[in-house]
Each structure stands twice: as C-alpha cells, then as structure tokens.
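Asker: got a predicted model here, sequence first, then my questions.
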Amino acid sequence: MRVVIVSAVALFLVALQGCNEATQDRADLASGVDAASPPRPPELAPATQKRDGDVASTIPPGPDAQTRIQEAFILAQPGAVIQLEEGHYELNMQLSIDVSGVTVRGRGMDKTVLSFKNQDQGSEGIYVTGDNVALEDFAIEDTKGNGHKSNGADNHVLRRVRAEWTGGPKETNGAYGMYPVSSKNVLIEGCVSIGASDAGIYVGQSENIIVRGCRAERNVAGIEIENCHGADVYDNVAAHNAGGILVFDLPDLPVQRGRDVRVFKNHVVDNDVENFAPKGNIVGTVPTGTGIMIMANSNVEIFENEIGNNQTTNLLLVSYLTTGREIKDANYYPYAEGIHVHHNRLGPSGYAPAGEGGTLMAALAGSPLPDIIWDGVVNEAKLVEGKLPAELGLYIHDNTKTEGELTYANLGGTKLLSEPQSVTVQRDLAVHAGELPSLKPITLPEIAG
Amino acid sequence: MKKRVPSLAVLAAVIGLLCGCGGPVLAPVSIDVAAQPAQNISAYHLFKDAAHQIPNDGVLPYDLNTPLFTDYAAKHRFVWMPSGTAAQYNPDKAFDFPVGAVIVKTFGYLHDLRDPAKGERLIETRLLIHRQDGWIAVPYLWNETATEARLALAGARVPVRWTHNDGSERAINHIVPNVNQCKQCHDSGGKFMPLGPKVPQLNRDYDYGDGRENQLVHWARTGYLKGAPEDLSGVPRFAVWDDPTSGSVETRARAYLDSNCAHCHNPSGPAAPSGMDLSYAQTDPLRIGVNKTPVAAGRGSGGFRFGIVPGQPHESILMYRVRSTELGIMMPPLGRVSVHEEGAALLDEWIGEMNGE
C-alpha cells in the first residue's frame, strides 16, 4: 500500500524542505519492550479437531519424492493423513492439493523441510484448493513465488508450518509465506514466516480467520489481513519486519469493506528491517519501523499488545484517501471507522521516521513521531452536527508507555487531503476518550476429518 | 497354469496391426466413465495411428480461432461422444457435454517451425473425461516412438528442442501439469470445466479431408451438437490472433487475452480475487486492468502502478508479466516457460493504440 500522505502532502513537504531535519536520535532501546519474551503458547483446544485418521501414505525424502507426494495428494481420500518424514525434500515443481479433508503432516518445522530452491514450475510451493485441508509440522523453503497459497479453500489449517527464504530478506524472495485467499474459516497457528518480500502471513478476501501464536520475522510486512471479514490476530510475534501487523482494505477487489478485526496480545517490536519490497510494490511504501497499521477497515479492536522499538511509529491509522491514490472503484469505502485502541503497552518509537511516508509525517507532526498517528480523515457525509456517530469513532484509552509520555497526533483530517499546508496537527488524546463494545471472538467450526 | 485367451480387443488390435493399410478395423472408442483412468492411453482406442494423430472413427478433430499459447507446441484437438449423444449448444460458455464425452488434446513439437513437413515429436495427450460426477483431467505421456502413452498423474518434465521460426535452435523443458494443476485453469466456481470448445472459438472452418465446413455446422450435422442456431450469422466468432484479416488489433488482442488469461481471470475463476477480468465479454476498462492498481501481485507488479496504462505498454504490469518467464512474476503462471513474442507484440500494439483520455 502506498502508505502515507503521499501526493496530498507533497506540496507541503516542498515548502518545508530545508527546515525539516528529522531527528535521528534513537531512543534508548534497552528500556523498550522486551522483544525476546515469547508469546504465550497458543490455546489449541477450541478451534479445530486434530485429525487422527489412518496414515494413508508415508513418503520419505528421495529422488522420487516429488512424484510420490504429488500422486499421494491427488489420490488421497477424505480423512487421509499423508506423512512426510524427517529430512530434506528437494522439490522442483509446485505441489497442489485439490482433494478435501486431507492432512499433510511432517515431523516438525525444523525437521521436515520441503526445499524449492530448484523450483522451475508453479508460482507457489504448495497450492491448496480443497476444503478441510490441514498442513502441519513442516517447512516450505525458498520457493520462487509464494511459499503457500490456498484459494477458495474453506476450513483451512496451517499449524506449526514454517515458510522461509533462507537467504534472508531479499527483493527476489517470493511475495507471501502463507497466503490464504477467498476462503472461509482459516486457522494459522504456531507458524513461522521469514523473508517474504510482501507479507509473511497474508490473509486476503477471506472470512472468519484466526492467526495466533505465530512468528513473522524479516518480512516486508509481518502479518497482513486484507479485505477480510472477521479476524482474530493474537499471541503473535511480529519482529524485524518493515511493518509488523497490517489490517488493510483496498479497492478494485471482489471482497471489500474489511471489518471486524481484533489485534491483541501480540508482540510487535523491533520492526527495523529496511523495506525490501520490489520497487513499485504496494507494500513497498510502508515505512520501515511501523508497528501496527490500520487502513480503511471498520470495527477494529487493538488491545493488550506490546508495541515498541518501531522507528517510524507504533500505531498508524489511516484512510485510503491519504495514500493520494485515485479511487476508480465506486463500491469502495476508503474510511477507517469504529477503531478501538486500548490497554496496549507501548515502547519507544518514532525516533527515526523512515521512507517517504515517514519523512512526510515527520514534516507534519515533527520528529520524533508520536506513538499513535491518525490521519484524521472521516467521512464527512456521516457527520451529525460536526461529529461522527459514536459507533464510527476512534477511541483510545488505557494505553501505557514504558518510558516517557505516550504521544499522539491527528494529522489534520480532510484538510490534509486538500490543503496540507494549512493543517493543524492535534495532539490531544482526550478527544478520543470513551470506548466501543468489545468485538466478538472468532470461532471456527470443527474441521471434519 | 491356465492358458490365456486373448481378449477380443487384443485380437482386434493385432489384426489391425497386421492389416496395416486395411480399412478401419480398430475396435471402437471405449470409455468406461466409472473406471479409474487407464494406465495406457491405447486402452481408449482413440487413435488409428497415434504417432500421426490419426483419430479413430467418431473422434472428431477441431481447431480454435485463437488458442492458448504453450511454448510453441503444436496441438491436436479431438472430441468424442458416446453414440446417440450430443453436446448442448451454449452461446456464452463451453458446451454442456454428455456424460462419457472425451476431449482430447495432444501436445507435440515440430522439429522445425518453418517446415512442418519435417515432422514432430509428440509429448503428451491430455484427456478430459466427462464422468457422472463431473469432468476429470488425465495426462498421458508418450514414449519416444509415440506408440503408447502412459498415465502421468503427477505430471512430468520432458526436455524438447526445435528449430525456431527465426532459424535458431530452441531447447526447453516441456512441463506436463499434474491433474490438480489442470484444474487450476479448468475451474469455474469450483467446478471443473472444459475451456476451448465454446462458440466463438469453434466458429470457423475446418478441413475435414472431404471438404471444408464450419465446425459448428459440422458438429450439428454429424450429431455432436444440438440446439445450435440454423443461421450462424449472428453467432459470436473470435478473431484469429495472428491473422489481421480476421479482425482489428483490439478484437484479436481481446481474443488472445480470453484464451490465454480469462480461464483464471474471470469473475468465477481462480484469479477472481485479483479483481481483473480478461474475458472477451468484459467491457469495463477498470476490470480489464486499465488504470487498475495491483493488489497481491507481489513481485509481479515490476515497479509499475497499473495493470494497463493506455498508450504505454512498457509501463503496464500486464506486459511485464506476459514477457516474464520468472516464477512468481510470469503470466500465465503455468503452461509456458518461454515468452510468446508474437502474442506479446500484439498486446503491445493494442495497449499502444489505447487512448488514455
């Protein structure tokens, strides 16, 4: 996403050039949020049933593994478990699963490794189109495109799977580590994603999603929920990405009005990897060091997260309009509404605003940038006597800062889009007192084995 | 040990071989829709002479106006339906074929694109078999002499080489998709569907040996198609992508996009989440990609902002992906390892002519 305030503020920036020296002082990291403390182990019980069916086939690594695994994926009957052994599987073509009700299980994400280093066919490592498919306990490494993609695959489970580009962050890495799209009921738990040139864990245009207990590191975006309806993102670690956790809604897509997303109890820390998205890539404009970013979604609750050591800002809330991109899609709703931010623990941030967006924001709000930044853009058609109806508002309360004072900026609202040179940045958090009712937890049906 | 009695089919085949130049003595096509796919393609009796792709009786060859590009492979297409059954005409999408129908597509590589008379090497034949519960896709891989093809459920890779139309030597790995990957294209709303045999593609003449005839007329006349209009003048017909006499640059480009992209890029296809619809019927420029922002294109955007920038093919993501052979970037993502230069040139021309106003 072209993130912040690009064309709208460009004029203003030009005017400011010369007097804008973003301070590069780094805050004292030692006093920040402890990045090393692991998330609590995920509570596995309620969401899905473990499939303990008969192992239909066991396939060891070896020269014929590609063919044998693919044949097993094709011939598997519902309920089948396909067991992969400890070791390194050298694969050169995409594996795909179109049957339903199948479990693919390894011996652990560090023991069973599917390496696609020499892949020359298919734009994913594993592509799933069957429903009720569970992938468990193995690693997908060095795919040319996405590590995993599931498309229209309902009741899909990724459990303790690692998707990684082993050469570290590189522009030539695949876009997504794990990529469920157009699916209903998605569970991603205990997974690890490293090195994706877009998002480590990306769920798009889907409904009813849980992402928990995962670790997303050294991706451009750690975890991204885009154009989705109903998602719980919790107990994850998003560290050393450019952006930690993103909740976006974009135009020109069949599924829109992203909404009902809870982001809680995550560690969103040390997001310090220079944005390495391929040039022009939409996520490439997320400023390095953005903790959590919400764009154009409705009903988002952000609570009990640890967010710190993010050099641009800890929490960024924006409308799509602020990207300065023209909207050609008449059905698209660009506003962020009904946002509830509470009981988060914030560490240092804003000490080195990065990228075009960071620079532009610093030009408006000064440096260091505040912990929480809102563009202030609201749908003026919905204003009643100058105010948004209560359920559409932004509420920020009971958040704490590990050191110093929690800072906030409203970048000026609609004026930001039309007259950026004359906006008044507001810093008073008191106007966001109040709260919204808690969103309902996501529950997933038992997945039949 | 019990003495083996050769089956009638084997006897018939042996006699067929012995007779050589005799009449059509090969057993008729045999499709058991309830059975698992046969291990060898010969079990279906689809060909009198597989090596030369001479079909058995009732196995009807056909061509498309603007086919899918597959690495300069030559394609041989056939259809067969059980006696007394016919496909139901459908103006908008692939025909409704009867249960038991088989659609046959053989892929081969000419030794020399400049001179088809030098012959070709057959690689694979894909069957779409219409069973009670829907279509299944079954790939078969030919042996060196193209006398037999074996079932290859998991796909395969076959090194092939040919002399290109510019005289250069080309060598690639032809990749036979696995049966799941077949569905990655042949998917409409979760249902496996044939792609090629639809009205605008079939509406053309074919040389049947005993004379040229419009394929739709021929299918209807020989009992393979019911419900077709008597008068074909109003029936849609795709331009032939590389024949400027068949249509404008735009109609040829749109036909090309329809056959090369729209199997996924349509509102019920696997690429529906992209929001891009490249089917011929789509008239909204934004849905075709004009000034449309990429979404989950990853590296595929190539640093460009829009799918199609009118007048600027070299700034259009569509062209970047059509000209790429890199996994994760190239489009379509399956079915080719080389760039279709001639097809890309047509699309360049189309975008170049587009008015940006």
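Answerer: Nice, thanks for sending it over.
Asker: which positions in the stretch 51-200 of chain A make contact with chain B?
Answerer: Where proximity means Cβ under 8 Å from any Cβ of the partner chain, the interface of the stretch 51-200 of chain A facing chain B comprises A:66-68, A:70-71, A:73-75, A:93-94, A:96-98, A:119-123, A:127, A:129, A:143-146, A:151-152, A:171-172, A:174-176, A:179, A:181-182, A:197-198. C-betas here are computed from N, CA, C, even on glycine.
Asker: quick check on the residues you listed: which are buried?
Answerer: Among those, those that count as buried by neighbour count (16 or more other Cβ atoms under 10 Å in any protein chain shown) are A:66-68, A:70-71, A:73-75, A:93-94, A:96-98, A:119, A:121-123, A:127, A:129, A:143-146, A:151-152, A:174-176, A:179, A:181-182, A:197-198.
Asker: among the residues of the stretch 51-200 of chain A next to chain B, which lie within helices?
Answerer: Here DSSP state H is the test, and these give A:Gln66, A:Thr67, A:Arg68, A:Gln70, A:Glu71, A:Phe73, A:Ile74, A:Leu75 as lying in helices.
Asker: from what I see, B:Ala50 and B:Thr145 are in contact.
Answerer: No - between B:Ala50 and B:Thr145 there is no contact under Cβ atoms under 8 Å: 9.5 Å.
Asker: the two: which is more packed in?
Answerer: Residue environment comparison for B:Ala50 versus B:Thr145 gives the larger neighbour count to B:Ala50, 22 against 10, counting by other Cβ atoms under 10 Å in any protein chain shown.
Asker: tell me the pLDDT at that one?
Answerer: You'll see B:Ala50 listed with a pLDDT of 96.
Asker: burial count for B:Ala171?
Answerer: Residues within reach of B:Ala171, counting by other Cβ under 10 Å, total 8.
Asker: give the contact list for the residue in the stretch 101-250 of chain A that chain B sits nearest to.
Answerer: Of the residues in the stretch 101-250 of chain A, the one nearest chain B is A:Ala175, at a distance of 2.4 Å by Cβ to the nearest Cβ. For A:Ala175, the contacting residues are A:145-146, A:196-199, A:202, B:296-300, B:328, taking Cβ atoms under 8 Å, 6 or more residues apart in numbering or on different chains as the criterion.
Asker: mind listing what the closest residue to it other than its chain neighbours touches?
Answerer: Take A:Ala175 and drop its neighbours on the chain: the residue closest to it by Cβ to Cβ, 6 or more residues apart in numbering or on different chains is B:Gly298, 2.4 Å away. The contact partners of B:Gly298, by Cβ under 8 Å, 6+ apart, come to A:Gly145, A:Asn146, A:Gly174, A:Ala175, A:Tyr176, A:Ser197, A:Asp198, A:Pro278, A:Asn281, B:Gly328.
Asker: hmm, try it at 10 Å
Answerer: With contacts taken as Cβ atoms under 10 Å, 6 or more residues apart in numbering or on different chains, B:Gly298 has the following neighbours: A:123, A:145-146, A:173-176, A:179, A:196-199, A:202, A:220, A:277-278, A:281-283, B:328-329.
Asker: same check, this time on A:Tyr332
Answerer: Taking Cβ under 10 Å, 6+ apart as the criterion, A:Tyr332 is in contact with A:Asp249, A:Leu250, A:Pro251, A:Asp252, A:Leu253, A:Gln256, A:Arg257, A:Ala296, A:Tyr320.
Asker: ok, now with 6 Å
Answerer: Residues near A:Tyr332 by Cβ atoms under 6 Å, 6 or more residues apart in numbering or on different chains: A:Pro251, A:Gln256.
Asker: name the residues of the stretch 101-250 of chain B found near chain A, please.
Answerer: On the criterion Cβ under 6 Å from any Cβ of the partner chain, chain A has as its neighbours in the stretch 101-250 of chain B the residues B:Leu153, B:Ala154, B:Ile175, B:Asn178, B:Val179, B:Asn180, B:Gln181, B:Lys183.
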